[in-house]
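**Student:** Task: produce atomic coordinates for the following.
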Amino acid sequence: MSTRRIYSAAPSPRIRDLLTGGGSAWREPLPRTCPMILTGSCRSAIRLGLGSMDVGEGDDILVPSYHCGSEIDAILSSGASVTPYRIDGAAQIDLEDLESRIGSTTRAIYLTHFYGFPADTTGVRSLCDQRNLFLIQDCAHSIFCTEGNDPVASDADLAVYSLSKSLPVPCGGLACSPIGTVRIQEPARSVSPGRLNYASMFKRMSIRAMARLGLRLHARAGGGAVADIPGTDPEFMPEHYRFNADLDADRAAPRLSCRILGHVDPSLVVHRRRYNYNRLHSSLRKVPGIELVLPEAGSGTSPLVCPVRSNWLCRRVWALRSLGVEATRFWLGRHPSIDLGSFPEVEVLKEQVVGLPVHQAMSNEQIDFIAHCIGQMSREQ
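**Tutor:** Numbers count the residues shown, from 1 in each chain. The predicted structure is shown next:
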């Protein structure tokens, strides 16, 4: 039991969703003023959008210093260079620092909505308008989020999304131009079925059933001590984060992802993620050595994970995973082309933040089990 991962970082598809077609409800919370282009991944969406914007060699893109690296690789594949700007310890944009980094070769500002909490884009949009720059908004964490009455990224020249981070699909991304300034070309090729990691997808499908069994066995055993499992921290981003011209360039989403997407209920996704996040957030508030990175999830949010900052929990992530909780050292890796030495707050975020799963397929019992494990670990310090 202790070696099984039963609380996955992402939801699993239902078998019936693989066999039948669905509707288009998933489209409703997204920008409705423009065509939505389905791609093979968020990396594909970025590359497709940059190509449609004619961004390439000699151009520079301002990117957040806090990043996973995958998006950086996709930008660099276009021939453009990148310049990082400051993100503070609360994952907020330093607008003054951002403005100071705009140069003669700057073509666009790349803004990320971290963790499923929409960023304030007003100041950045104003900067782009004043300096004749494109605004690219990365909604990989934030599909179905809103800003007031509008979908997130409604003021973007280019918006990109990841499907597989929040939804039960094997892969997929989206690209659109909410304000209509970029005409995005349809991808030329589909993802080859042989390239998809179906083993990983079907593993996810068994997780929910395993979780119920795992919880019962753990309860019968009376909890038990949590042991550390040694692991190796990557200095740079994982290899599979890199842009692969064969797999990522000009790829459309596979039919299987599109079929599953048709069964997605956005209101359920948002409601349950927000509820699970707030339930876990409340349970961890008084745990010694745990600092909550973000406030409670309010209107407009759709939390990707519950991010916590903790030196001791970072050292024990593998112990938590041994109990079946797919916690992650969130964005621990970094892209080798970017020196983070000038961004100490980002170094802290990368070294100390753990992402805890709160997705829409998780039950109250599962969320409480995560809180129980972390509370027990805290008492053992």
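**Student:** other SSEs contacting whichever helix in the chain runs longest?
**Tutor:** The helix spanning the most residues in the chain, taking DSSP state H as the definition, is helix 266-284. Packed against helix 266-284 by the contact rule (3 or more C-beta pairs under 8 Å, 6 or more residues apart in numbering; DSSP states H and E) you find strand 305-309, helix 364-379. Bear in mind the C-beta positions are built from the backbone N, C-alpha and C, glycine included.
**Student:** Now the longest one: buried residues?
**Tutor:** Buried positions in helix 364-379, judged by neighbour count with 16 or more other C-beta atoms under 10 Å: 366-367, 369-371, 373-375, 377-378.
**Student:** same question, stretch 330-349
**Tutor:** Result for stretch 330-349 [16+ other C-beta under 10 Å]: buried residues 330-335, 338, 340, 343, 345-346, 349.
**Student:** Just the endpoints, please. Distance across that stretch?
**Tutor:** Using C-alpha to C-alpha, to the nearest Å, the end-to-end distance of stretch 330-349 comes out at 8 Å.
**Student:** Where does the prediction get shaky in the stretch 101-250 of the chain?
**Tutor:** Within the stretch 101-250 of the chain, the stretches with pLDDT under 70 are 188-250.
**Student:** thinking Ile87 is in contact with Leu95, fair?
**Tutor:** No: assessed by C-beta atoms under 8 Å, Ile87 is found out of contact with Leu95, at 11.1 Å.
**Student:** Give me the more crowded residue out of those two.
**Tutor:** Using other C-beta atoms under 10 Å, the more surrounded residue of Ile87 and Leu95 is Ile87, with 23 against 16.
**Student:** For the strand or helix carrying Asp73, name the packing helices and strands.
**Tutor:** Per DSSP states H and E, Asp73 falls inside helix 70-76. Using 3+ C-beta pairs under 8 Å, 6+ apart as the contact test, the elements touching helix 70-76 are helix 42-52, strand 60-64, strand 81-85, strand 106-112.
**Student:** List the neighbouring strands of the second one plus their orientation.
**Tutor:** In other words, strand 60-64. strand 81-85 (parallel), strand 106-112 (parallel) (DSSP bridges).
**Student:** Please identify the most buried of those strands.
**Tutor:** Mean neighbour count, computed with mean count of other C-beta atoms under 10 Å, is highest for strand 106-112 among those, reaching a mean of 23.
**Student:** How far off centre is the longest helix of the chain?
**Tutor:** With C-alpha atoms, centre = their mean, to the nearest Å as the basis, helix 266-284 stands 16 Å off its chain's centre.
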